[in-house]
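**Student:** sequence and predicted structure, then a few things I'm wondering about:
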Amino acid sequence: MPVYSLDFSENLIRAAQAVNDNGDDSVDAMRTVLYLSLLSCEISLKALLEKAGMPITEIRNRSHNLERLLMDLGRCEVEEEVANGVRKWVPAMRIRSKVITINEAQLTIGDFLEGESQGASRYPNEVRYGEHLYHYPPEASLNAASTILHWAREKWDIIRFP
């Protein structure tokens, strides 16, 4: 039985969406949406790595480091159609370039997951606690989590470590 679940990731997104839809624009509501969205991203990435064959102990050693999980995913391959009827194994790192749009601005999944290196609050502690919250807007985090989950489901049966 798998340790990490895409269904759990999806439930986290639903919970975050419910808080977001409530219309509460308090810092606590923003923290909740951001935290649940980032947790969903973490679980989706870990589920993909587990599916690809990465040992659970290695996955656990990454803790909550989204940037490192993304780098690990970059060591994997997914099968994609590269020309009419021609399928090849390509780097799973392509997920980095997936674009999310929020309020007419665009951001890549790679930039979102590497936000801490650009000054965003460190996940999970600085997202949950502290005086200040510096991160992308809640809608962007929901969009990122949904995009990663969708990509994970799409690539679920065609991911591997080469």
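**Tutor:** Received the coordinates, thanks.
**Student:** surely residue 64 meets residue 126?
**Tutor:** No. Using C-beta atoms under 8 Å, residue 64 makes no contact with residue 126, being 11.2 Å away. Where you see a C-beta, it was placed from the backbone N, CA and C, and this is true even at glycine.
**Student:** quick check on the nearest residue to residue 137 once chain neighbours are set aside: phi, psi?
**Tutor:** In space, residue 137 comes closest to residue 102 once its chain neighbours are excluded; the distance is 6.0 Å by C-beta to C-beta, 6 or more residues apart in numbering. Dihedral pair for residue 102: phi -140, psi 120, per degrees, to the nearest 10.
**Student:** and residue 88, by the same measure?
**Tutor:** phi -140, psi 160.
**Student:** what number of residues lie near the spatially closest residue to it that is not a sequence neighbour?
**Tutor:** Nearest non-adjacent residue to residue 88, counting by C-beta to C-beta, 6+ apart: residue 82, 4.9 Å away. Residues within reach of residue 82, counting by other C-beta atoms under 10 Å, total 11.
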